[in-house]
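# return a 3D structure for these sequence lines:
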Amino acid sequence: MKNWLLVIILCVCPVYTYADNVANPVQPGQFIATNDYAQTSPDGRVAVASVNPLASSIAMGVVARGGNAIDAAIAAAFALGVVDGHNSGIGGGCFILVHMADGRMLAIDGREMAPAAATRDMFVVNGVANPELSRTGALAAGVPGSVAAFDKVQKLGGKLKFRDVILPAADLAEKGFPVSPALAERLAATADNLAKFPASAAIYLDKNNKPLPAFSLLQQKDLAGTYRAIAKQGPRYFYNGDFAKKTGRWMEANGGLITYKDFANYQVKLRKPIESEFAGYTLYGFPPPSSGGVHVAQILNILEQFDLDKLAPAERYHLIAEAMKFAFADRAHWLGDGDFTKVPLSLTDERYAQIIAQKISLDKTTADIIHGNPDVDIEHLMNKHTTHIAAADMDGNWVAITSTVNTSFGSKVVIPGTGVVLNNQMDDFSAQVGAANAFGLVGSDANAVAARKRPLSSMSPTLVFKNGVPVMTLGAAGGPTIISQVVQTLLYSLNDSMPVEKAMAQARIHQQWNPNVLFVEAAMPIEIQQLLKQKGHDIKIWPSMGASQAIQLREGKLVPVAEQRVILQNAKKN
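This next block holds a predicted model:
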């Protein structure tokens, strides 16, 4: 542990408790809000929060060289592709929600795209979906979008050149960094699949195909070379140059579908953010192919139909769980890429929330929930996949980036000579109606595989405004729990007026309709768990759920918070 502490100093904030007469008197989870993960510039004008202190430090270094919050966020994203590559990187995709200093509100879609040769039943073998095909190897990857999206937002609102926000991460990749306990656990869990691909094994495994142990030095010289090529040539190197050519050749030789032309045809999409109201605040979320913006708004709309402040703790948790169930049932039926399927945005309508609220009893769970009709009515699961970056500056730039390669190390494929881990985002499509993906989520034909289509996501970058002024940027990692994390942080911070670090510290729950199980963190008091069981919930205890990042404007100051349940637990193990 001593070696790791030389790199990262973990500062555990005190555990908060609340009196019995407060609306949500629960024992909170643990969180970290330190100058390592959540940093502010010396003048207090720029703040950033990420999952890794090295990435946050690189972001602040960019600020010191004249960059703004947008530059800082992109620099952090490239750095996370080095130190947190099992969760995100340029071989994956992202959603960027940004409020520019000039008042523009943009939703930049850098989601991965299915190759042109993709077909509806490409993962179906003998009439049954084969999950291995969509999770590991050549067929699992979609065309990455992160590089194009990062370049787009940086050009629209950054102050520096694209090369300036990439090169610090290239230096980090070449020099290397100590493997964290968390990364070591991921390497151990995925070593067998990484060993199937020589370029992956050469980076992450030793000469005996054993995973690199904690505290060993991880150097990624090929990735550094790729970063430097992008810094020199821009995104064209990735989408029209050597990287696209190398990937196309590897795919052709290994049974994949992605071609050089697929890279050349990739386009960033500018979407219209989802706008909603909650507790006197205006919320902006990401639209389809994200399900996050729709269902964060939908769940909060349902909750607001009840007098939340008068509910006992067990009643409130029960209500949150029921609202989640209805929302995730709708997600399974309605949600998909809005360019390919009609997604009823009236899912976020308050009148639809009122209809759902009438179906919810505070005394017992609702049985046999199915999707609604808004146009008419008006173990793997909890792992911290994905990563989120929050950045803001006093000039008015507020950024929320959620980036991912999907499950740990994505498809497990590294394209030889590039150091880039390719995503396995094709698993986020519905391979077959009713077939669950790696996170247990099911879907309909709305999210079926199709050429050039983007798979549905739970990523939920969110911006919060009060009287037209941005006051919070927020997002999370953790598969479908991203939606539930964001909902609960917003509930406690906006409705209950908790500082965001306290809001994040509350014991979390997650209910995604299928499986019909209520996941609760171990920090939840036993008496509340028992009351939830009496209401009919099938409870599964989960030690820790997800990881969120946020920045809150408080008393005229930017307060960054990086809540790291998973890292804290791993640090304690070591």
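# what average pLDDT does stretch 128-146 get?
Mean pLDDT, stretch 128-146: 95.
# mind listing what's buried along that stretch?
Using 16 or more other CB atoms under 10 Å as the burial criterion, the residues of stretch 128-146 that qualify are 129-131, 133-146. All C-beta atoms are positioned from the backbone trio N, CA, C, and that covers glycine.
# now stretch 110-130
110-115, 118, 122-124, 129-130.
# then stretch 337-353?
337-338, 340-341, 343-345, 347-349, 352-353.
# and for the residue lying closest to Leu362 once chain neighbours are set aside, the neighbour number?
Of all residues not flanking Leu362 in the chain, Glu315 sits nearest, at 5.2 Å (CB to CB, 6 or more residues apart in numbering). Other residues lying near Glu315 total 18 when counted by other CB atoms under 10 Å.
# surely Glu315 touches Ser361?
No. Using CB atoms under 8 Å, Glu315 makes no contact with Ser361, being 10.5 Å away.
# returning to that earlier point: what is the nearest of the buried residues of stretch 337-353 to Met251?
Set against Met251, the nearest of the buried residues of stretch 337-353 by CB to CB is Asp337 (22.2 Å).
# ok, now which ones touch the closest one?
Asp337 makes contacts with 288-289, 447, 453-456, as judged by CB atoms under 8 Å, 6 or more residues apart in numbering.
# wait, a helix at it?
No. Assessed with DSSP: H, G, I helix; E, B strand; the rest coil, Asp337 is coil; it does not lie in a helix.
# shaky segments in the protein?
1-35, 369-385, 432-444, 564, 566-574 (pLDDT under 70).
# measure stretch 453-470 end to end?
33 Å (CA to CA, to the nearest Å).
# what about that stretch, distance to the chain center?
Remark: stretch 453-470 is offset 11 Å from the chain centroid, using CA atoms, centre = their mean, to the nearest Å.
# please shift the residue numbers so they start at 4 in all later answers.
All right, first residue 4 from here; so that's stretch 456-473.
# flag every buried residue along that stretch.
456-468, 473.
# in a markdown table: the residues you listed, plus distance to Cys97 and secondary structure.
Supplementary listing: the buried residues of stretch 456-473 in a markdown table, determined by distance: CB to CB, whole Å; DSSP: H, G, I helix; E, B strand; the rest coil:
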| residue | distance to Cys97 | secondary structure |
| --- | --- | --- |
| Lys456 | 17 | coil |
| Arg457 | 12 | coil |
| Pro458 | 13 | coil |
| Leu459 | 15 | coil |
| Ser460 | 10 | strand |
| Ser461 | 13 | coil |
| Met462 | 8 | coil |
| Ser463 | 13 | coil |
| Pro464 | 9 | coil |
| Thr465 | 15 | strand |
| Leu466 | 15 | strand |
| Val467 | 20 | strand |
| Phe468 | 22 | strand |
| Pro473 | 20 | strand |
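# picking that back up, now, which of the buried residues of stretch 131-149 lie within helices?
Mapping those onto helices (DSSP state H) picks out 134, 136-138, 149.
# using CSV, please lay out those together with distance to Gly539.
Formatted as CSV, those follow (distance: CB to CB, whole Å):
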residue, distance to Gly539
Pro134, 31
Leu136, 38
Ser137, 34
Arg138, 34
Ser149, 42
